[in-house]
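# sequence plus the predicted model coming up.
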Amino acid sequence: MSSPKSCHKGAAGPEVRLQCGKWRPDPQCGKWRPDPIKKYVLRTEVGARTYRVDYDRELNEEQKAVVLAGGGPILVIAGAGSGKTRTLVYRVARLIESGTDPSRIMLLTFTNKAAREMLRRVEMLLSVDTRRLMGGTFHSVGSRLLRRFGSRIGLSPNFTILDEEDSREVFDAATSDLKIQTLEKRFPKGDVLSDLYSFTINTGRRFPEVLAERAPHFLPLEEEIVRVFQRYQERKRTGNACDYDDLLLSWKRLLSEVPEIAAQFAASYDHVLVDEYQDTNQLQGDIVDGMGKIRRNVAVVGDDAQAIYSFRGASFANILGFPERYPDAKVFRLTLNYRSTPEILALANSSISHNQKQFEKDLRASRGEGPLPAVVPLADVSEQARFIAQRLLEWHDEGDALADLAVLYRAHYQALELQIELTRRGIPYEIRSGTRFFEQRHVKDVLAFLKVVVNPKDELSWKRALKIFPRIGERSASTVWAAIAGSPDPLVAFRALGEPASLPRGADAALKPFRSLVTRLDSPSLRSSPAEAIRFVVESVYADYARAKFPNGGARLDDLEQLAQFAQQYESLPGFLEEVTLFNELSGEDVAAGEPSDDRVVLSSVHQAKSLEWSRVVVMWLSEGRFPSYRAATTEEGVEEERRLFYVAVTRAKNEVALTYPMLARDRYGVDVILEPSRFVSELPEDVSERWTVELEAEVPSEESKKPEPVN
DNA sequence: TGGTGAGCGGTTTTT
DNA sequence: CCGCTCACCA
Ligand SMILES: Nc1ncnc2c1ncn2[C@@H]1O[C@H](COP(=O)(O)OP(=O)(O)OP(=O)(O)O)[C@@H](O)[C@H]1O
């Protein structure tokens, strides 16, 4: 990521500020307060301010009111495409232009994609280096803070971040530590435990309550489950590891349990701004409140109609309750949609009005007319894929770049047939789903070697790395770990390990290369070059292993070379590892079909598409049972959340939308089933869409094409 | 330790 | 239907 160097130093701001006092504990009473430096502001004459950004021209009055509003709590609640993100970004720009140091601004959101888009926009506006801003996802900001301050709650700065799979394994290990009989009584597995645990943490609710609601059949096991949770936490503590939730939970603990840190945090950030606030959960809400406690410059924006993360404990109670928690909050609304044509907006508004629980919002179109959204039934899944592929090509011919087109769906598996079709036709695409690149087994194997060097107490990684060697499996790996675990630095202990006690014959010999490998990795030159470290691991042990172990060993080694190239931009192992677990993007096969190209159609889940926009969008699989998913369709809240998801999907489009659904599909047992159109389609009034019928071209050789014809 | 085969179970969505 | 887990064997 290259960021333009900031220029125009002199044009900085309208006011010259004298040094602002640092916050530190008062030696007398121990309370935190600013140094008694007198603050004096030298004002520029009225009208003489020059801003690089032309706020008057680029914002409407409603938006400008938010951008120019002074300090204090701010809530913006508004519909899709009304410029919430834009307003937030301009507010950040304005703050910086008015002299706030970027490092004193905290800018948060939930998904990586949205975070990146937000930071990119700030950068474009000001050519300021956004790395100075404390901005990103809640998790990445939490992680940055914990590296610096986590020692206050017993976390050393080199902690490992556990991904979902890791944390599931730690749960399984915890269960087996306690020697719980998992078979007789059907004890929940790691992933189930992890779900329950995570939901409890994120909602801040009491565990028995969560258990009763989400997995009542395990109620008799409550006591044991709680013991496993405790063991899980213990394991993380001794392994110096954090799961995703810990990045938030420990952040909150710093705020609530370590008063000096709490005060320092709250004082260090003049402004806290949150996008997509409707998708925060209790834990994140508490964090925002904690960070804003002293200065109360908390600006949040969101849209309750786009709340789509209740499955991980998000609740729009946060956004609706904001005015109560901040009685002095200024509440703003934005009512003009800048993104979509009136036709698209009419469909979206009409759909969302079916939700009982909704907060009425004005949302009018500002753009000129466009085509009616198309509703397109297709005979089956492969016809759906062919239709979409053809339509994408037509749109491309009409002048849209491929990158301005997106296909959205409810669940990742739904993209499969389309991928095949796009590949067949050589249409480049980018897919944001599937096993993510850094979660692939071979990638994690190699990373385990680096993790061990960074955090020698990382049991999981030790074992993972050890098991790469011949004759070493779970048993021997445990023996080795047991021999070094007690040492203050297991890395040192491992290198000094003479004849490891009671290793099976042959296993010991296998450790020799590992020992020299570790020694080499621990050298300054490799510690500062993740790319070289990766290549070194691959060349010295992993290449042989991969070729022997995997039928597609070659392809996996190519992945690892890609990994090394990606790592090239990092200059330290910890920095690299952190990004890799937190910024876990794209599947291994992300670029398909033909030449690598920048211009690619995007295939994405609706969840990941939030806050983004494209010229034209296809929403596929709009069949009852698929979108809404039949799981969600069992409760009224579930359906309403799915409908919000549909609303998000449709409102991603600026110019044109197609809604497609197959009438016949194979269910998961391989049986063909007839599918009804999604209720989200059938409940729409006639006049907001155009119904298409698709027929196969009559048997003419060559050119395949289907003529979509409007009916009625 | 690691490979094989029978049987089970199972589809959201993210960090 | 198919991928994955678990139990069993070399
Ligand atoms: N005043 C304006 N002038 C011109 N373009 C605008 C204005 N306000 C917003 N836009 C454009 O409208 C589009 C939608 O804005 P933005 O993404 O900020 O909306 P949003 O409310 O965050 O949307 P959503 O919640 O649906 O993600 C963007 O392309 C943005 O640049």
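Noted; the coordinates are in hand. Keep in mind that this is a model prediction, so the values were computed, not measured. Numbers count the residues shown, from 1 in each chain, chains lettered A, B, ... in the order given.

# A:Tyr409 contacts A:His607, doesn't it?
No: look at A:Tyr409 against A:His607 with CB atoms under 8 Å: they stay out of range, at 10.2 Å. Every C-beta, even on glycine, is put in place using the N, C-alpha and C of the backbone.

# settle it for me: which of these two has more neighbours?
A:Tyr409 (23 against 20; other CB atoms under 10 Å).

# can you count the residues close to the residue in the stretch 251-400 of chain A positioned nearest to DNA strand B?
Nearest residue of the stretch 251-400 of chain A to DNA strand B (CB to the nearest atom of the strand) works out as A:Phe311 at 3.6 Å. By other CB under 10 Å, the residues close to A:Phe311 number 12.

# does A:Met106 count as helix, strand or coil?
Per DSSP: H, G, I helix; E, B strand; the rest coil, the local secondary structure of A:Met106 is strand.

# A helix includes A:Tyr51, no?
No: secondary structure of A:Tyr51 (three-state DSSP): coil, not part of a helix.

# spatially, what comes nearest to it if we skip its sequence neighbours?
Computed as CB to CB, 6 or more residues apart in numbering, the closest residue to A:Tyr51 that is not its neighbour in sequence is A:Glu97, at 5.2 Å.

# now that neighbour: how far from the ligand?
Remark: distance between A:Glu97 and the ligand (CB to the nearest ligand atom, to the nearest Å) = 18 Å.

# swap in A:Leu363?
10 Å.

# equivalent analysis for A:Tyr90, please.
Taken as CB to the nearest ligand atom, the span from A:Tyr90 to the ligand is 9 Å.

# report the contact partners of that residue.
By CB atoms under 8 Å, 6 or more residues apart in numbering, A:Tyr90 lies in contact with A:53, A:55, A:58-59, A:63, A:67, A:125.

# where is pLDDT lowest across these?
When those are compared by pLDDT, A:Val53 scores lowest at 85.

# backbone phi and psi for that residue, please?
As for A:Val53, its main-chain torsions (degrees, to the nearest 10) stand at phi -90, psi 140.

# which parts of the stretch 401-550 of chain A sit against DNA strand B?
Residues of the stretch 401-550 of chain A that fall close to DNA strand B, judged by CB under 7 Å from any atom of the strand: A:410-413, A:432-433, A:467, A:470-477, A:504, A:507, A:549.

# show me what the helix or strand where A:Ile319 lies is packed against.
Per DSSP states H and E: A:Ile319 is located in helix A:317-320. For helix A:317-320, the packing partners by 3 or more CB pairs under 8 Å, 6 or more residues apart in numbering; DSSP states H and E come out as helix A:282-291.

# could you confirm whether stretch A:405-417 reaches the ligand?
No: if you take CB under 6 Å from any ligand atom as the test, stretch A:405-417 misses the ligand, and the best it gets is 13.3 Å.

# so A:Phe387 is in contact with A:Val376, correct?
Yes: with contacts counted by CB under 8 Å, A:Phe387 reaches A:Val376, the gap being 6.5 Å.

# may I see the buried residues of the helix holding A:Ile319?
A:318-320 (16 or more other CB atoms under 10 Å).

# sheet-wise, list the partners of the longest strand along chain A with their directions.
Determined from DSSP state E, the single longest strand within chain A is strand A:653-662. Strand A:653-662 has the following sheet partners, assigned by DSSP bridges: strand A:374-378 (parallel), strand A:614-619 (parallel).

# among those, which comes closest to A:Asp558?
Among these, strand A:614-619 comes nearest to A:Asp558, with 30.4 Å by CB to CB.

# distance from the closest one to the middle of the chain?
21 Å (CA atoms, centre = their mean, to the nearest Å).

# same check on stretch A:127-139?
15 Å.

# just the CA trace of that stretch, in CSV.
Extracted in CSV, the C-alpha atoms of stretch A:127-139 (Å, rounded to 0.1, in the frame of the first residue of the first chain):
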residue,chain,number,x,y,z
SER,A,127,-2.9,12.7,0.9
VAL,A,128,-2.2,12.2,4.5
ASP,A,129,-0.5,9.0,5.5
THR,A,130,-3.3,7.1,7.1
ARG,A,131,-0.8,4.9,9.0
ARG,A,132,-0.6,7.7,11.5
LEU,A,133,-4.3,7.5,12.1
MET,A,134,-5.4,5.0,14.7
GLY,A,135,-7.8,3.5,12.2
GLY,A,136,-9.0,0.1,11.1
THR,A,137,-11.2,-2.7,12.3
PHE,A,138,-11.9,-2.9,16.0
HIS,A,139,-9.7,-6.0,16.1
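
# can you list contacts of it?
Stretch A:127-139 has contacts (CB under 8 Å, 6+ apart) with A:3-7, A:92, A:96, A:101-103, A:105-112, A:115, A:118-120, A:122-123, A:141, A:144, A:244, A:247-248, A:269, A:280, A:284, A:287, A:582.
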